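Asker: how would this look folded up:
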Amino acid sequence: MQLVYLYHSGFALLGDGYTIVMDYFEDSVSATEGILHDVLLKRPGRFYVLSSHFHADHFNKEVLSWKDQRPDIVYLFSKDIWRRRRATKEDAIWLKKGEVYEDELLKVHAFGSTDVGVSFLIEVDGKKVFHAGDLNNWHWMDESDEPEWKGYEKNYFHELEFIMDYTREMNLVMFPVDFRLGKEYMRGPRQFVERIKTSIFVPMHFDESYSQAAAFKSVAEEYGTTVLVPEARGQIFEINL
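Answerer: Predicted coordinates:
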């Protein structure tokens, strides 16, 4: 299994007989150039595209044009994308929190978010792979009074409990480590690995703040979690689980 970091929260998971693109925003070189256009769209096997919500940094309507090259493509989108008229009902299989898609290769569970849309748990090759979308403890502690940020945190814990009712262990997790939150920017990801045993954690949603994303490595290791930190767009990780 390989994981390709595209940009921001965009990844591609590659396995025997499948390619899964998650929250595509831009390719690895630019908006329209890079490893996805040059290599992945030509890769044999089933091709899936998952989008967690309508925000422009998580959903790019360009993905709908890929079906011209890949008639076998399977689109799995959060229902808010349809409600916000970013796509039509016929364009995708639509999922909301609590719903599941399954075929002969994989199972995709839609869990909740603390912003818009959903997060995705993908079960494939006997492994659990989680893409958080915009699920995080968006506390904005440096800008909010205590009752406000504690309310955000309570909502986050509620979503984690919903996940934990299904599983308390994951093999691979992609999750926001967003420096914009201020001094406690690692609070949400730390709370995640505290509660859900995570074998491999990959930071996302950090824009160009590579060093700040890498700082989470020492935190996660306290919970037995290995952190793979993207250092450049297009980086390929070998995932050995």
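Asker: So for the longest helix seen in the chain, what gets flagged as buried?
Answerer: In the chain, assigned by DSSP state H, the helix with the most residues is helix 146-164. Of all the residues in helix 146-164, those buried under the rule 16 or more other Cβ atoms under 10 Å are 149, 152, 153, 156, 159, 160, 163. To be clear about C-beta, it is placed using only N, CA and C from the backbone, and glycine gets the same treatment.
Asker: what sits against residue 227?
Answerer: 200, 201, 202, 203, 214, 216, 217, 220, 221 (Cβ atoms under 8 Å, 6 or more residues apart in numbering).
Asker: Of those, just the buried ones, ChimeraX syntax please.
Answerer: A single ChimeraX command selects the buried members of these (16+ other Cβ under 10 Å):
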select :200,201,202,203,214,216,217,220
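Asker: Among the contacts of residue 227, which are located in helices?
Answerer: Judged by DSSP H, the subset of those located in helices is 214, 216, 217, 220, 221.
Asker: Which residue, neighbours along the chain excluded, lies closest to the fourth one?
Answerer: Distances taken as Cβ to Cβ, 6 or more residues apart in numbering put residue 227 closest to residue 220, at 4.8 Å, once the chain neighbours are dropped.
Asker: The one you found bridge partners, please.
Answerer: Bridge pairing for residue 227 (DSSP bridges) gives the partners residue 201.
Asker: try residue 108
Answerer: Beta bridges link residue 108 to residue 101, residue 122 when assigned by DSSP bridges.
Asker: Check the contact between it and residue 93; I expect there is one.
Answerer: No - with contact defined as Cβ atoms under 8 Å, residue 108 does not reach residue 93; the gap is 9.1 Å.
Asker: Neighbour count: the two, which is higher?
Answerer: More crowded of residue 108 and residue 93, by other Cβ atoms under 10 Å: residue 108, with 24 against 12.
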